[in-house]
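J.: okay, predicted coordinates and the sequence, questions at the end:
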4 protein chains.
Amino acid sequence: MIIVMKTEASKESVKKLREQLKQKGIIVNVWEGHKYCVLGLLGDTSSINPSQIEANQEVEKVLHVQEPYKKANRLFHPEETIVSVRDRLIGGDKLAIIAGPCSVESEEQIIGIAEKIKKSGANFLRGGAFKPRTSPYSFQGLKEEGLEILKAAREKTGLPIVTEIMSPNLVERFVEDVDVIQVGARNMQNFDLLKELGKTKKPILLKRGLSATIEELLMSAEYIMAGGNENVILCERGIRTFETYTRNTLDLSAVPVIKKLSHLPVIIDPSHAGGMWWLVEPLAKAAIAVGADGLMIEVHNDPVNAKSDGAQSLKPERFDSLMETLRGVAEAVDKEL
Amino acid sequence: MIIVMKTEASKESVKKLREQLKQKGIIVNVWEGHKYCVLGLLGDTSSINPSQIEANQEVEKVLHVQEPYKKANRLFHPEETIVSVRDRLIGGDKLAIIAGPCSVESEEQIIGIAEKIKKSGANFLRGGAFKPRTSPYSFQGLKEEGLEILKAAREKTGLPIVTEIMSPNLVERFVEDVDVIQVGARNMQNFDLLKELGKTKKPILLKRGLSATIEELLMSAEYIMAGGNENVILCERGIRTFETYTRNTLDLSAVPVIKKLSHLPVIIDPSHAGGMWWLVEPLAKAAIAVGADGLMIEVHNDPVNAKSDGAQSLKPERFDSLMETLRGVAEAVDKEL
Amino acid sequence: MIIVMKTEASKESVKKLREQLKQKGIIVNVWEGHKYCVLGLLGDTSSINPSQIEANQEVEKVLHVQEPYKKANRLFHPEETIVSVRDRLIGGDKLAIIAGPCSVESEEQIIGIAEKIKKSGANFLRGGAFKPRTSPYSFQGLKEEGLEILKAAREKTGLPIVTEIMSPNLVERFVEDVDVIQVGARNMQNFDLLKELGKTKKPILLKRGLSATIEELLMSAEYIMAGGNENVILCERGIRTFETYTRNTLDLSAVPVIKKLSHLPVIIDPSHAGGMWWLVEPLAKAAIAVGADGLMIEVHNDPVNAKSDGAQSLKPERFDSLMETLRGVAEAVDKEL
Amino acid sequence: MIIVMKTEASKESVKKLREQLKQKGIIVNVWEGHKYCVLGLLGDTSSINPSQIEANQEVEKVLHVQEPYKKANRLFHPEETIVSVRDRLIGGDKLAIIAGPCSVESEEQIIGIAEKIKKSGANFLRGGAFKPRTSPYSFQGLKEEGLEILKAAREKTGLPIVTEIMSPNLVERFVEDVDVIQVGARNMQNFDLLKELGKTKKPILLKRGLSATIEELLMSAEYIMAGGNENVILCERGIRTFETYTRNTLDLSAVPVIKKLSHLPVIIDPSHAGGMWWLVEPLAKAAIAVGADGLMIEVHNDPVNAKSDGAQSLKPERFDSLMETLRGVAEAVDKEL
């Protein structure tokens, strides 16, 4: 941590601040510039609250040398994390393809889709039982019944199931029923939920919030990991920008950046990013090319009657041909599909 | 709702879509343009899911004529809403001044601050007991103990208390203990929480999410109101933009825009918006000038030792002089301070 | 164009507006909703100024059915545009690889780099002679001398040259000297410059502005095309968002979106987007996978001594190995490298 | 400037970098942390190109202690700059009120408006002769004829005239004809134009670009000042964000931030920020309350027939009543209107 003092800061106040820091076991290097005095801090600065330092009216600003996350940090954990989900892995050479409808609507629907996507090569089934919807008047999901339907589909196809949790009250139920618990973009900083998930050992699929920086995403992963659960998979699904033609702006640079900063696997959701079915194929190809560990794709048997997100869902036939076109790209970057 | 068909859409598919809509009781006007065919929908379009329409591959886009919120909409509720909190009102001519520390730290601290801000003219006391923090390693609040301390301060000063809730599990406790329940920016779309709050009659202070549009903020208010609780107060506290000098970018235009679209009161939090104590005074003045119904301001007895947000907290003396300078601006816009 | 009247709009004012529009040869469909009256306009609405309509105090809002650009619009020009540059093409199956240093620094440097990138498979040489720099104290380019050096490199290697123009005064000189004239992100809406370029027949490489929507980028292309020059190549190079880890956020969705809306070729600049050399490879792969018509990549013989943008430049050897890894991806999407 | 080395950086490479820097006359402090080695640089670091440092593959990142602008920096110029324009001042206690139509349309129109706004208390006349328009098919301004009309209006009313320049070719003409030369948001980084304006002594009204940070705005001011012209007035006119209800998001925090960082006067343009006439009044009040040195407001005699920006223009009568309501706010913040 580096503290830049104000030009007019007195020697007295620099000395006082230095003493305070020393008492916390920090070594302080002082460096007097022409207009600024700068303090370089060495030692365990995690006990220092930067906002307290900035509240000192003689301090100009605080600069950070180290990232604030530890367990999620590649610096302290250089090897890649590969998360086990039943008999499969997320991370490593084999791409995770998570497909299925936005919402679970009926057992017939889910089993029908699950069988088709499995045949096309998907290795996980997604489907929302509890749905976060912008409008209180929109379909809110089949809830517990939806979980039962997903379990039936897993039974039938062997595909592990991925579904979203919205409330800390449901953690126990989800741990029992599902294989990967998804935390949606809107709940990325629902810290009470993250803490509860940290107490489990379930794989958690953590989606980046609409306006979350990569650092904030990693800090939310840190919440789960700090609780003892290191099975975290990150997901980039588009961020909010000024461009409104697409639903969100897919930030594919986030993949190599996260790979540099962290050891956690990262997948891409091209369906939510673009918000339109015809964008899924080019974005899915790009996601694999950029180095993602997998994809999460919305597939619906009848998009024009889907209870949610119909505009961005692929029909099973189109998903099948998408998988075909993805194979070449996967091969080009030494990934297995 | 207006549906723009693709240039190449067949007459057949237009006819089919029209029939579907008619079956839902919608009157459909068809206008044939040179390159586009446009369908204008009349009647109760709330039963139509736009994403289903957009999933139709012959549809180019869907345009919205009406806002998606009803109870929060000024169109259906032209008179201003004024929310009662104990013996006080939020909305109307009298400005609501909510002040206090970011976090509740001790009874002595809170009572000390509460007495001072009351003397300076604040009419509500704020203080965080449950704290949403970006880092799992930061101070997370005194929790239940914090609520007790706030109650003691209310007892002593008569100031109604405002504090943030983070989990649906705590709604019952908050309803009993506090006067205004705050929903923080990170939980603006925590729909499970909003639904629980909609079942109560408590005043809810709903903060705008970091990347929430005004429409989304009003949709979150709609969640609470649709449940039966119309005591909603909105709060603009800065949005996330590319500018990083300030913590967030305070969107003061949101005040007149919300006043046009909705009947709910709206207040401003200049402390979180700017993130630096010296920005509070100019932003507070501007907030009153632009027409806000109140302010929420962080005041701390000892900012350099504050457990959170010290950099943006005012000392009680500075808050006192701020209140003095605000009086002239309030008068100029016919508000009472 | 669709006009939504205010709820309280009088029949009189609707009638008056309708008459005005009729006089401009517009057919007006009126459609009376429960709360709103809506006017659907048919005919050549390009003569209507939407801001004038919105200035009518009885108008709620104006919705647009058609895109405002014509010559750049795929609707009126369904086949792909392929731009000829000397003996090469941009657009179509063969990828355009434009490589070279950010700034032209010396003849030796440029010829050295040009020979190497040519050998690695680049088909165009880039290099800045006139440099737009944020700081007046930074290197501003070799200017005319830089153009001469680029010409020498073209002479030596046969690679067509691409370089940036900053002022309408230099159009004549650039037309004579260079093969593709680049308009930088900061000048995307320098309309005087665009108009001058519209009078020439030179291929123009138009970069998207840092906060330009796709529609605005196409409108800037329209400026050039409306003047008579249809040789426009678009370039996505990252947009400005709240994420600050990368220099900009590369918007790869823009490629399929532009391909849908327009017939113009579009290339990607991964160097400026990420701002760091180690991001170039993954982003370049993703760009090809998503369907771009080419790449623009900064290559410098000695990045740590580059006069500009050293941090994002590749050394020639790294560029050579990048080209190798790109071949597989290009093949997977049926492009020739 | 502070250089953070990569964890794996060798002692050798640190030593080498240190030597290079020493040869430039820089004193280098080295602090060895647990995981990072940090170099603190003292002396005139303006000769160092941070991009070169970052191109060093053993460097993690570069942090900046000092702002990159000098002449615009309050640190080196603590007293406020007040710009003289004919017999008036911009900056200081008296507010500058610049009013007039978006575009100059006719002599009769301009003189009519000028007389009315003068009576209401405006002290400068604005009007666009050369218009930057997103569409090539929109009205582009009366050009030279527009300048003549503005001069006639000045002659008649004594109001100094403010108008926008778009091309370096016109600098000489503008210097002769107008009183304040406006650089529009889209040209904020048209560096060739800025350099030409730096050679004159005319007051320059520099508008913040749509996605320009405050630092970039000050760097553009620095371009003009570095050339020798210190008569720069800054203007905040709304930035581009994800919120689309308003045309732009007015960043009023920019006023106190600029006042802290720089000594230049700063005014607000509420018309372009909001894009709708009914937002002008609340935003104008807020602008004065936040501490702006003036306002730029669009006034048109007949908004529904205005050739541009009708939706955001006030009629003269409304401008007159606006001025009345502003007086109280101005008084409350000790400004003269």
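T.: Alright, I've got the coordinates.

J.: which residues touch the residue of the stretch 51-200 of chain A at minimum distance from chain D?
T.: In the stretch 51-200 of chain A, the residue found nearest to chain D is A:Leu63; the distance is 4.6 Å by CB to the nearest CB. C-beta: built from backbone N, CA, C; applies to glycine. Taking CB atoms under 8 Å, 6 or more residues apart in numbering or on different chains as the criterion, A:Leu63 is in contact with A:1-4, D:2, D:63, D:65.

J.: could these go into JSON lines alongside distance to C:Lys285, secondary structure and pLDDT?
T.: Written out in JSON lines, the entries for the contacts of A:Leu63 read as follows (distance: CB to CB, whole Å; DSSP: H, G, I helix; E, B strand; the rest coil; pLDDT from 0 to 100):
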{"residue": "A:Met1", "distance to C:Lys285": "37", "secondary structure": "coil", "pLDDT": "89"}
{"residue": "A:Ile2", "distance to C:Lys285": "36", "secondary structure": "strand", "pLDDT": "91"}
{"residue": "A:Ile3", "distance to C:Lys285": "41", "secondary structure": "strand", "pLDDT": "93"}
{"residue": "A:Val4", "distance to C:Lys285": "40", "secondary structure": "strand", "pLDDT": "91"}
{"residue": "D:Ile2", "distance to C:Lys285": "34", "secondary structure": "strand", "pLDDT": "91"}
{"residue": "D:Leu63", "distance to C:Lys285": "31", "secondary structure": "strand", "pLDDT": "91"}
{"residue": "D:Val65", "distance to C:Lys285": "37", "secondary structure": "coil", "pLDDT": "87"}
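
J.: most neighbours of all those residues, which one?
T.: Among the contacts of A:Leu63, A:Ile3 has the most neighbours (other CB atoms under 10 Å in any protein chain shown), with 26 neighbours.

J.: and it, what are its bridge partners?
T.: According to DSSP bridges, A:Leu39, A:Val62 are recorded as the beta-bridge partners of A:Ile3.

J.: what about chain A, any weak spots by pLDDT?
T.: Of all residues in chain A, none has pLDDT under 70.

J.: which residues in chain A form helices?
T.: In chain A, the segments counted as helices under DSSP state H are A:11-23, A:50-55, A:107-120, A:144-157, A:171-177, A:191-198, A:214-226, A:254-261, A:270-274, A:277-290, A:316-332.

J.: who wins for proximity to B:Glu144 among these?
T.: Set against B:Glu144 and scored by CB to CB, the helices of chain A come closest in helix A:191-198, at 13.9 Å.

J.: and the gap between the residue nearest to A:Val266 when sequence neighbours are not counted and chain D?
T.: If the residues on either side of it in the chain are set aside, A:Val266 comes closest to A:Leu234, at 4.4 Å by CB to CB, 6 or more residues apart in numbering or on different chains. In this view, A:Leu234 and chain D are 22 Å apart by CB to the nearest CB, to the nearest Å.

J.: residues contacting A:Leu234?
T.: Residues counted as contacts of A:Leu234 (CB under 8 Å, 6+ apart) are A:206, A:208, A:217, A:221, A:258, A:262, A:264-267.

J.: thought A:Ala286 was touching A:Asp251?
T.: No: contact criterion CB atoms under 8 Å: A:Ala286 and A:Asp251 do not qualify, at 11.5 Å.

J.: when these two are compared, which one has more neighbours?
T.: Shown here are A:Ala286 and A:Asp251; by other CB under 10 Å, A:Ala286 has more neighbours (33 against 25).

J.: what are the phi and psi values at A:Tyr69?
T.: The phi and psi values for A:Tyr69, taken as degrees, to the nearest 10, are phi -100, psi 150.

J.: who's in contact with it?
T.: Remark: with contacts taken as CB under 8 Å, 6+ apart, A:Tyr69 is in contact with A:215, A:218-219, A:221-222, A:262.

J.: then A:Gln52?
T.: With CB under 8 Å, 6+ apart as the criterion, the residues that contact A:Gln52 are B:303-306, B:310-311.

J.: distance of A:Leu170 relative to A:Phe130?
T.: According to CB to CB, to the nearest Å, A:Leu170 and A:Phe130 sit 7 Å apart.

J.: how about A:Glu105: what's its closest non-neighbour residue?
T.: Nearest in space to A:Glu105, with sequence neighbours left out and distances taken as CB to CB, 6+ apart, is A:Lys307 at 5.6 Å.

J.: how about the contacts made by the one you found?
T.: A:102-103, A:105, A:139, B:49.

J.: need the buried ones from the contacts of A:Leu234 selected in ChimeraX.
T.: Below is the selection syntax for ChimeraX that covers the buried ones among the contacts of A:Leu234, with 16 or more other CB atoms under 10 Å in any protein chain shown defining burial:
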select /A:206,208,217,221,258,262,264,265,266,267
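
J.: so of the contacts of A:Leu234, which ones are in strands?
T.: Residues from the contacts of A:Leu234 lying in strands, with DSSP state E as the criterion: A:206, A:266-267.

J.: between these, which is nearest C:His34?
T.: Checking the ones in strands among the contacts of A:Leu234 against C:His34 by CB to CB gives A:Leu206 as the nearest, at 43.8 Å.

J.: beta partners for that closest one?
T.: So, taking DSSP bridges as the rule, A:Leu206 has A:Val183, A:Leu234 as bridge partners.

J.: and for A:Leu314?
T.: When bridges are assigned using DSSP bridges, the partners listed for A:Leu314 are A:Val299.

J.: thinking it is in contact with A:Leu279, fair?
T.: No: between A:Leu314 and A:Leu279 there is no contact, the gap being 10.7 Å when judged by CB under 8 Å.

J.: can you tell me how far A:Ala122 is from chain B?
T.: In this structure, A:Ala122 and chain B are 20 Å apart, going by CB to the nearest CB.

J.: tell me the spacing between that residue and A:Arg240.
T.: A:Ala122 sits 28 Å away from A:Arg240 when distances are taken as CB to CB.

J.: now swap in A:Gly112 and tell me
T.: Taken as CB to CB, the span from A:Gly112 to A:Arg240 is 34 Å.

J.: show me which of those two is the more surrounded one.
T.: A side-by-side neighbour count of A:Gly112 and A:Arg240, using other CB under 10 Å, places A:Arg240 first with 26 against 14.

J.: quick one: name the residues of the stretch 151-300 of chain A near chain C.
T.: A:211, A:213-215, A:239, A:241-246, A:249-257, A:260, A:273-274, A:278-279, A:282-283, A:285-291 (CB under 8 Å from any CB of the partner chain).

J.: in ChimeraX, select just the buried ones from the residues you listed.
T.: Here the buried members of those are turned into a ChimeraX selection, burial being counted by 16+ other CB under 10 Å:
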select /A:211,213,214,215,239,241,242,243,245,246,249,250,251,252,253,254,255,256,257,273,274,279,282,283,285,286,287,288,289,290,291
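
J.: so which of the residues of the stretch 151-300 of chain A next to chain C would count as near chain D as well?
T.: Residues shared between those and the neighbourhood of chain D are A:211, A:241-242, A:244 [CB under 8 Å from any CB].
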